[in-house]
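Colleague: Here is my input; please provide its structure:
(2 chains)
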Amino acid sequence: MSRPVRVRFAPSPTGYLHVGGARTALYNYLFAKKNNGKFILRIEDTDEARSTVESLKMVISDLKWLGLNWDEGPHPETLEDMGPHGPYKQSQRLSIYKKYADELLKKGQAYYCFLTDEEIEVQRQAAMAAGKSHHVNSPYQDWSLDQALAKIKEGGQAVVRFKTKHLKKDYILKDLVRGEVRFPSDMVGDFVLLRSGGMPVYNFCCAVDDHLMQISHVFRAEEHLPNSLRQMMIYEGLGWALPEFGHISLILDEDRQKLSKRKGATSCHQFQEEGYLPEALKNFIALLGWSHPEEKEIMTMEEMIQGFSVDRLNPSGAVFDGVKLKWMNAQHLRALPDEEIWKLLQPFCKKADLILPTDKAWAVQSIQTFKSYMETLQDTVEFYKPLDDSKFQIYDEAKEVLGWEQTKLVLQTWKQLLSEMTVANLSEADFLKTQDLVKEKAAVKGKNLFMPIRVAVIGKPHGAELKILVPLIDRKSLIARVDKVIAAL
RNA sequence: GUUCCCAUCGUCUAGCGGCCUAGGACACCUCCCUUUCACGGAGGAUACAGGGGUUCAAAUCCCCUUGGGAACGCCA
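Modeller: Numbering: from 1, shown residues only, chains lettered A, B, ... in the order given. From the prediction side, this is the model:
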């Protein structure tokens, strides 16, 4: 209990950060912060075929976007190791793994195995046919180390396997979220520690690093549960004390399968591009498998940290509901100060080639106008499009309004009034006055009056209140729009 | 197939033996606000997978069944 809290997030860099990984990182982060511990980022890049520096940068950029800052690990900018337990990239720790593999080899707890893929496949087929679990049964497990070394000298290709046969017992894992989990030792076969090229495999590096980096608690996804048995065996073989483990439930898709890239957005980067706020994404994924003690729904990071505890982690899987995420994003977005929203919006406007006024008063006024409509930054751009003359268009949903018999008269009357004015932009009162005059002169009222005007202003019959929308557009532009709509009648 | 995990409204969840004729949130429906649409407000419908125990008392504990999921790699 006195052990200082040190947790880690250990992604393998194979692309942008997946939301499942993000949640694992988040829980580790929250746990560290809550307990005055350290949050460590370790890079599991021992799969040479899949790991790239580009991918590492992607993962790091997502982590940075989320604001999950780590105390030890690759530096967020330079990628250079920071912290006393480096290197933090497993590909740079090869000699360390080799050393412990040798130790296990010498103690007879691991052995060189010369089985080929083909031979293993034959075993597997036979086991399948017999309806048994297919674990490798290596004829080399009882070879002496010298015997194996001699064969290697002759050019033999060998992997190092952990010997499990003699381990006849149940391993009990006291899981922080699942309680006692009992694994029969024969649940796994002799698993690989070192590949034939000498590159270590996940379960081995993970155990070695967690121990060496003095990790106190391991929170990871449920899919790793069976790996825990292998890692427990390694810890036992090396005579090390186990860290605490907590296996978090899986995030599922609509079909209740493990959320995969094949179905919709799954990477943090995608959500960023779609205009989600990191605060909202974190809030949402935090609630997928955890709940605040006071059942808070919309939370700040600080509230999550304060309310976080392992016993509120839910062991059952959670379906990722994009609709709720959107709602949550809207809540966070609308809670932001107007200037802040405007600032966040700029990259999205730029991407859409929107040319908008730059003065602050206009910006704030426009944000207030659209605030109650905003869900993501990306879709907020849609509300701004009609405000850019070059992007003004008449939407299909306006067709019905254009077909009304009074529409032409209303628009012509309004245009006439606008033309007679001299102000650059109408004020709210100005607009209301013109609307009343149109009502009077054209003798049209109700939706037959304001719907055509709305279509002339934004190209569609639904949207924010006209009296606040109109002042955002200059008068000349308004006239040009009316002309366009009249021409389309 | 084998092993392990899981099981409350459609979804996320609260609930850790009596406060539960099961609470909240998203979504849905109705109404109010509103000369549109949103926002907001007020209501509504909807769940303890099934069966056995244990107990005075079970959504809560145990067992079985069923259903779902994951893992069984020289991936992580």
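
Colleague: which parts of the lowest-mean-pLDDT helix or strand in chain A are buried?
Modeller: Lowest by mean pLDDT, DSSP states H and E among the helices and strands of chain A is helix A:117-129, with a mean of 83. Across helix A:117-129, burial judged by 16 or more other Cβ atoms under 10 Å covers A:123, A:127. C-beta here means a position set from N, CA and C on the backbone, and glycine is covered the same way.

Colleague: How far does it sit from its chain's centre?
Modeller: 39 Å (Cα atoms, centre = their mean, to the nearest Å).

Colleague: Check stretch A:361-377 too.
Modeller: The chain centroid and the centroid of stretch A:361-377 are separated by 26 Å, computed with Cα atoms, centre = their mean.

Colleague: what's in contact with that stretch?
Modeller: Residues from elsewhere that reach stretch A:361-377 (Cβ atoms under 8 Å, 6 or more residues apart in numbering): A:274-277, A:326-327, A:329-330, A:333-334, A:338-339, A:341-342, A:344-345, A:348, A:356-357, A:380, A:383-384, A:387, A:463-465, A:468-469, A:471-472.

Colleague: CA-only coordinates of it in CSV, if you can.
Modeller: C-alpha atoms of stretch A:361-377 as CSV (Å, rounded to 0.1, in the frame of the first residue of the first chain):
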residue,chain,number,x,y,z
ALA,A,361,-17.9,42.3,-32.3
TRP,A,362,-19.2,40.6,-35.3
ALA,A,363,-17.6,37.4,-34.3
VAL,A,364,-19.1,37.4,-30.8
GLN,A,365,-22.5,38.3,-32.2
SER,A,366,-22.4,35.5,-34.7
ILE,A,367,-21.4,33.0,-32.0
GLN,A,368,-24.3,34.1,-29.9
THR,A,369,-26.6,33.7,-32.9
PHE,A,370,-25.6,30.1,-33.6
LYS,A,371,-24.7,28.9,-30.2
SER,A,372,-27.8,27.0,-29.5
TYR,A,373,-27.4,25.1,-32.8
MET,A,374,-23.8,24.1,-32.3
GLU,A,375,-22.9,20.5,-31.8
THR,A,376,-19.5,20.0,-33.3
LEU,A,377,-17.1,22.7,-34.7
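
Colleague: At which residues are the strands of the stretch 101-250 of chain A located?
Modeller: Shown for the stretch 101-250 of chain A, the strands assigned by DSSP state E, counting those that start in this stretch span residues A:110-113, A:159-162, A:170-175, A:179-184, A:192-194, A:217-221, A:244-248.

Colleague: does the shortest one come close to RNA strand B?
Modeller: Okay, so that is strand A:192-194. Yes. Against RNA strand B, strand A:192-194 shows contacts by Cβ under 7 Å from any atom of the strand at residue A:192.

Colleague: which one in chain A is furthest away from the centre?
Modeller: residue A:441 (56.9 Å; Cα atoms, centre = their mean).

Colleague: Next, the contact list for it, please.
Modeller: Here residue A:441 is in contact with residue A:413 (criterion: Cβ under 8 Å, 6+ apart).

Colleague: So for it, what pLDDT did the model give?
Modeller: In this model, residue A:441 is scored at 93, pLDDT.

Colleague: One more: the one 5 residues further on?
Modeller: Note on residue A:446: pLDDT of 89.

Colleague: any weak-confidence spans in the stretch 151-300 of chain A?
Modeller: Low-confidence segments of the stretch 151-300 of chain A (pLDDT under 70): A:262-263.

Colleague: residues from it in reach of RNA strand B?
Modeller: Neighbours of RNA strand B within the stretch 151-300 of chain A, by Cβ under 7 Å from any atom of the strand: A:157, A:159, A:178-179, A:181-184, A:187-189, A:191-192, A:195-197, A:199, A:201-203, A:222-227, A:249-250, A:252, A:255-258, A:287-289, A:291, A:295, A:297.

Colleague: neighbours of residue A:412, just the number please.
Modeller: 15 (other Cβ atoms under 10 Å).

Colleague: Excluding residues flanking it in the chain, which one is nearest it?
Modeller: Of all residues not flanking residue A:412 in the chain, residue A:486 sits nearest, at 6.8 Å (Cβ to Cβ, 6 or more residues apart in numbering).

Colleague: For RNA strand B, see how far away that neighbour is.
Modeller: Remark: distance between residue A:486 and RNA strand B (Cβ to the nearest atom of the strand, to the nearest Å) = 21 Å.

Colleague: what helices or strands is the host helix or strand of that residue leaning on?
Modeller: Counting by DSSP states H and E, the element that carries residue A:486 is helix A:475-487. Counting contacts by 3 or more Cβ pairs under 8 Å, 6 or more residues apart in numbering; DSSP states H and E, helix A:475-487 packs against helix A:407-420, helix A:447-458.

Colleague: Please name whichever of those is nearest to RNA strand B.
Modeller: Ranking the helices and strands packed on helix A:475-487 by proximity to RNA strand B (Cβ to the nearest atom of the strand) places helix A:447-458 first, at 5.1 Å.

Colleague: which residues touch that closest one?
Modeller: By Cβ under 8 Å, 6+ apart, helix A:447-458 touches A:386, A:394, A:398, A:401-402, A:404, A:406-407, A:410-411, A:414, A:435, A:438-439, A:442, A:460-463, A:466, A:469-470, A:473, A:478, A:481-482, A:485.

Colleague: Now, of the residues you listed, which are buried?
Modeller: For those, buried by 16+ other Cβ under 10 Å: A:386, A:394, A:398, A:401-402, A:404, A:406-407, A:410-411, A:414, A:435, A:438-439, A:442, A:460-461, A:463, A:466, A:469-470, A:473, A:478, A:481-482, A:485.

Colleague: Look up how far residue A:76 lies from residue A:284.
Modeller: To residue A:76, residue A:284 is 24 Å away according to Cβ to Cβ, to the nearest Å.

Colleague: of the two, who's got more company?
Modeller: Per other Cβ under 10 Å, whichever of residue A:284 and residue A:76 has more neighbours is residue A:284, with 25 against 15.

Colleague: got a list of what the more buried one touches?
Modeller: For residue A:284, the contacting residues are A:324-325, A:328-329, by Cβ under 8 Å, 6+ apart.

Colleague: Among those residues, name the buried ones.
Modeller: A:325, A:328-329.

Colleague: tell me the domain boundaries of chain A?
Modeller: Listed by automatic domain parsing, the domain ranges of chain A are A:6-90+A:251-319, A:93-248, A:336-379, A:392-488.

Colleague: looking at those, which is buried most?
Modeller: Greatest average neighbour count among those goes to domain A:6-90+A:251-319 (a mean of 18), per mean count of other Cβ atoms under 10 Å.

Colleague: Centre of the chain to that domain, how far?
Modeller: Mean C-alpha position of domain A:6-90+A:251-319 versus that of the full chain (Cα atoms, centre = their mean) differs by 7 Å.
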